[in-house]
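Asker: A predicted structure for the sequence below; I have some questions about it.
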Amino acid sequence: MNSRQLYFRVLGEIKPYWPIILFNMVCLGLAAAVDAGMTLLLKPLIDQNLKADSLAHTAAWVVPAQIFGLAILRMLTNFGNEYTSNWLGTRVVADLRDKMFARMINMPVRFFDQSSVGVLISRITNDVNQIMQASIQVMTVFVRDILSVCFYLGVMLYQDWRLTLLCIGLIPGVALSIRLVGKRQRRLARESQSQVGIITSTLDEAFSGQRVVKIFGGQAYEKGRFGAVNNRLRLVNVKQTATSSLNSSLMMMMIGTTLAIVIYFATLQAQAGHLTAGGFVAFIVAMMAMQAPIKSITKMNEQLNKGLASAESVYHVLDQEAERDTGTRTIERARGDIRIENLRFHYGDENSTDEKRWALDGVSLDIPAGQTVALVGSSGSGKTTLANLMPRFYEPVEGRILLDGVALADYQLGNLRSQIALVSQDVVLFNDSVSANIAYGDARPDMERIRAAADAAFATEFIEQMAQGFDTELGENGVRLSGGQRQRLAIARAIYKNAPILILDEATSALDTESERKVQAALENLMKNRTTLVIAHRLSTIENADRIVVMRHGKIVETGRHAELLAQGGLYAQMHAVQFSDAG
């Protein structure tokens, strides 16, 4: 997408607000006309009011009254311009942030696997702000300054057209300067946006992992890492400033040279009697006043290129395909029969089948409704991958999964996920009240159901000990709670959802013995009358499962109940022996 297409796309963001834009343009035009009119009044002021000859001058109050009237008009137009510009800018930023967030929150899981959270945050915060420079400020500044230049040229033409033609010779030089500098400014703007994203990502990692930083003495390393990134951004900003300053300096030199030439010929004109003192002053003041908008136009190119570089990043995200939802089937409440047929999957390009390392390789499994099936195996065996395919966080490369006899891809995505609840060891809690976290996703939460879910999860006791009970704010990711308390809130959330299918991903692996007992009791309440897929590291927690599926290198190598697998003396028996010998 070239600069012109990109800029018109950005302008499309403000198109819905065209009445405000039109009013803003009128204010800009009137403001530019008032400024030029002020210089035009210098001629009668000098040639008539300030002359000693009483026959030549007009009434003393006329010109001051005209100036006062123009000042009132300038005040009104300035307020109208600045207010509407700010309103438009903040509106466009809010609209774009809404669009960005709506698109990102609907992106597939692969998108987040391949993207840094810090960079994505930078796109929504920093880059969208930069786009405002391209869409609103640049547009208004461009219109204001172009109109100002035109009106000042009109004043100069009115005073002396020959001198004005000399000034017009400056315009090709301005255009050439903007063209030469623009490409470099665009490249530097892209590099600056990239470095800002890296800084945000570095800060996110350092602050999120501050416990690891402290315990392993990584402060000096993190300071050095941040310092290097920060310095790279500084150098890019220095290059941007140097480029902009060089452009401005060249412009000032051209303006100064033109001004010197014009003053020389204007002096000759005045001495020859072809230009009055008032006309000479009005011409020179208009010419000097024209320097400011010309300089602003050259500066505008820098802001425009920064905004376009940010727009490239933003539209790169907005143009990506959101999570595909081609399903048309819906189901009010699934029975929970799951059938997995010859499933193959890898984490590379989802359209490629050339990967040598399959995360799942020909997995087939039947899970009748209401059964509890445990997946066990070493790290990398495919347990979590299989669980992630159930809610269609990823799409299989080959094979399919059926729910109640219907392929998952045939269900509407939202409807499918409404049938599944998830509890994992990495509990996610939001910076909201306890009740909002338990009823998360419910537009009309029921307080009685919330309390019942908390009771079933054995969470009511510690919730009611909090300062505001169920209305207590949890802080970022529930940092004020213990691991067991966070797990029980996650279980309460799953109980509240009351989905027929449950996925437990290492839900008790990080807990101490006492917390595990309470969480395990809560899980037993949760698992009743549900099809449950349990990913377990501690084999003691899945001994009562209806079936245990042992996985290795993406394949199912053993299935059976706990006692059967021990009797077989295979991989499960070996894992069990190792765990219990370590415990002993």
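Answerer: The structure has been received and is ready for your questions.

Asker: so what pLDDT did Arg91 get?
Answerer: Looking at Arg91, its pLDDT stands at 85.

Asker: OK, contacts around it?
Answerer: Tyr17 (C-beta atoms under 8 Å, 6 or more residues apart in numbering). To be clear about C-beta, it is placed using only N, CA and C from the backbone, and glycine gets the same treatment.

Asker: Against Arg123, how distant is it?
Answerer: The gap separating Arg91 from Arg123 is 19 Å, by C-beta to C-beta, to the nearest Å.

Asker: cool, Val26 as well?
Answerer: 35 Å.

Asker: more crowded one of those two?
Answerer: Arg123 (24 against 14; other C-beta atoms under 10 Å).

Asker: Might one say that the more buried one is in contact with Gly197?
Answerer: Yes - applying C-beta atoms under 8 Å as the test, Arg123 and Gly197 come out as touching, 7.3 Å apart.

Asker: Asn529 reaches Gln371, doesn't it?
Answerer: No - with contact defined as C-beta under 8 Å, Asn529 does not reach Gln371; the gap is 11.0 Å.

Asker: And the two? Which one has more around it.
Answerer: Using other C-beta under 10 Å, the more surrounded residue of Asn529 and Gln371 is Gln371, with 17 against 9.

Asker: you'd agree the more buried one is up against Thr531?
Answerer: Yes - if you go by C-beta under 8 Å, Gln371 and Thr531 touch, sitting 6.2 Å apart.

Asker: for this protein, where's the lowest mean pLDDT among helices and strands?
Answerer: Taking mean pLDDT, DSSP states H and E as the measure, the helix or strand of the chain with the lowest value is helix 210-215, at a mean of 66.

Asker: Could you identify the helix or strand that succeeds that one?
Answerer: Note on helix 210-215: by DSSP states H and E, the next helix or strand toward the C-terminus is helix 219-271.

Asker: So which elements touch that following helix?
Answerer: Under the contact criterion of 3 or more C-beta pairs under 8 Å, 6 or more residues apart in numbering; DSSP states H and E, helix 219-271 touches helix 161-168, helix 170-208, helix 277-289, helix 291-318.

Asker: how about the spatially most central residue of the chain, what does it touch?
Answerer: What sits nearest the mean C-alpha location of the chain, by C-alpha atoms, centre = their mean, is Ile124, with 2.3 Å. Contacts for Ile124 (C-beta under 8 Å, 6+ apart) come out as 97, 100-101, 104.

Asker: And this protein, what are its domain boundaries?
Answerer: Domains of the chain are assigned by automatic domain parsing as 3-318, 427-498.

Asker: From one end of the last one to the other, what's the distance?
Answerer: Read that as domain 427-498. One end of domain 427-498 sits 18 Å from the other (C-alpha to C-alpha, to the nearest Å).

Asker: Kindly provide the whole-number mean pLDDT of it.
Answerer: According to the model, domain 427-498 has a mean pLDDT of 86.

Asker: low-confidence ranges in the stretch 301-450 of the chain?
Answerer: 301-302, 349-356 (pLDDT under 70).

Asker: For it, which segments are assigned as helices?
Answerer: Ranges of helices within the stretch 301-450 of the chain are 383-389, 413-417, 434-438, 447-456, based on DSSP state H, counting those that start in this stretch.

Asker: on that earlier part again, test for you: state the pLDDT assigned to the residue nearest to the centre of the chain.
Answerer: Value for Ile124, per-residue pLDDT: 84.

Asker: From the chain's centroid, how far away is stretch 93-102?
Answerer: Computed by C-alpha atoms, centre = their mean, to the nearest Å, the separation of stretch 93-102 from the middle of its chain amounts to 8 Å.

Asker: Buried ones in that stretch, by neighbour count?
Answerer: Residues of stretch 93-102 classed as buried: 93, 96-97, 99-100 (neighbour count, 16 or more other C-beta atoms under 10 Å).

Asker: Check stretch 559-570 too.
Answerer: Buried residues in stretch 559-570, counting neighbours by 16+ other C-beta under 10 Å, are found at 560, 562, 565-566.

Asker: possible to save the helices of the stretch 301-450 of the chain as JSON lines with mean neighbour count and distance to Ala277?
Answerer: What follows is those, written out as JSON lines (neighbours: other C-beta atoms under 10 Å; distance: least, C-beta to C-beta, whole Å):
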{"stretch": "helix 383-389", "mean neighbour count": "22", "distance to Ala277": "84"}
{"stretch": "helix 413-417", "mean neighbour count": "17", "distance to Ala277": "79"}
{"stretch": "helix 434-438", "mean neighbour count": "23", "distance to Ala277": "76"}
{"stretch": "helix 447-456", "mean neighbour count": "18", "distance to Ala277": "84"}
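
Asker: And for Ile463, the neighbour number?
Answerer: For Ile463, using other C-beta under 10 Å, the count is 24.

Asker: do the one 3 residues further on as well
Answerer: Taking other C-beta under 10 Å as the criterion, the count of residues near Met466 is 16.
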